[in-house]
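>>> Kindly return the folded structure for what I paste below:
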Amino acid sequence: MITASTSVADALAERPSLRDVLPAFHPAFAKLNHPILGRILPRLATVADAARMVGVDLDTLVAVMNLPDGRPVPTAQPAPRPPSAPAPVWFDPSDPGGRVTLLDARPLLAANEDPLARILAALRGLPPGGQLTVIAPFEPVPLVGLLARQGWSSWTRWDGADCRVTFSHGDVVVPDPVGLGGAGEPADAGGAEREEGGWRIDVSTLPPPEPMRRVLAAVDTGALPLRVIHAREPALLYPKLVERGLVWEVRPRAGGVEIHVRRP
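Presented below is the predicted three-dimensional model:
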């Protein structure tokens, strides 16, 4: 039985026919077959998240996802959007000093480009006290949850058909990504090596998908906290870390990035 708390990825694995059923229910679910979003969003979103993103009634969506194969699929009726919360105290619409950065994800999605790497890079490039506003054609609920785990506050509101989400550290303290190393040696740490305070792995010269395989092998065998040396922002790795209940921080370095992975 698929419920509101079922991940979309698990629902699709259990019932692959949902890739056809859900777009028939509401055309916005065609994103499940998007070359980029179809790989990332199902891992990050629950059924409740999906209902909110698309703007349909949650109970109706759950009922449709549990329909026996071959049954007629009803047409979705739009659900009212939840009212926007009042602007938080850290939101500064006047933008003194140009501290607010705007990133429009709509043309990236239209061009089948993954916006996550652009968003993360923009967040890393913010000045002290800076804010990032992301414009999307839907409410990016998984993105908000993903960044909340990294210490980012957010404020969501609608501007006609477009959703605007502003991110800021505000008064939230981002956890130190370097914690205490655990005892014992993993059986197969994917090539990770011990260093003071944890582990280190350099995947910057490896071709895909070897970097992801090595990093996941390291974290799955307990090589945490882990400092990953990578040639680029590995957007497809992050959902895998979320599935494992891990958090991370990305820091720029010459020729790439460092990703500090740890337990919450």
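>>> And the helices in the protein, which stretches?
8-14, 18-25, 37-44, 47-54, 58-65, 106-110, 115-124, 141-148, 210-220, 237-243 (DSSP state H).
>>> Report the buried residues of the lowest-mean-pLDDT helix or strand in the chain.
Here the helix or strand of the chain ranked lowest by mean pLDDT, DSSP states H and E is helix 37-44, holding a mean of 76. Buried residues in helix 37-44, counted by 16 or more other Cβ atoms under 10 Å: 37, 40-44. All C-beta spots, glycine's among them, are computed from the backbone N, C-alpha and C.
>>> closest to G55 among those?
L41 (15.2 Å; Cβ to Cβ).
>>> and the closest one, what is it in contact with?
Residues in contact with L41 (Cβ atoms under 8 Å, 6 or more residues apart in numbering) are 8, 31-32, 142.
>>> And the residues you listed, which of them are buried?
Among the contacts of L41, the ones that count as buried by 16+ other Cβ under 10 Å are 8, 31-32, 142.
>>> which two in those residues are spaced the farthest apart?
Across the buried ones among the contacts of L41 (Cβ to Cβ), the longest gap, 13.1 Å, separates L32 and P142.
>>> Read off the pLDDT value for G70.
In this model, G70 is scored at 82, pLDDT.
>>> State the distance from it to M1.
18 Å (Cβ to Cβ, to the nearest Å).
>>> before we move on, the earlier item: return the closest of the buried residues of helix 37-44 with respect to W248.
Nearest to W248 among the buried residues of helix 37-44 is L44, at 14.3 Å by Cβ to Cβ.
>>> just checking, the closest one touches V242?
Yes: between L44 and V242 there is a contact under Cβ atoms under 8 Å: 6.3 Å.
>>> any residues in contact with both of the two?
Shared contacts of L44 and V242 (Cβ under 8 Å, 6+ apart): L146.
>>> where exactly do the strands run in the stretch 101-250 of the chain?
Using DSSP state E, counting those that start in this stretch, the strands of the stretch 101-250 of the chain run over 131-136, 153-159, 162-168, 193-195, 198-202, 226-230, 247-253.
>>> would you turn these into a markdown table with mean pLDDT and distance to R263?
Below are those laid out as a markdown table (pLDDT from 0 to 100; distance: least, Cβ to Cβ, whole Å):
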| stretch | mean pLDDT | distance to R263 |
| --- | --- | --- |
| strand 131-136 | 93 | 26 |
| strand 153-159 | 89 | 22 |
| strand 162-168 | 92 | 23 |
| strand 193-195 | 88 | 17 |
| strand 198-202 | 91 | 11 |
| strand 226-230 | 94 | 10 |
| strand 247-253 | 88 | 8 |
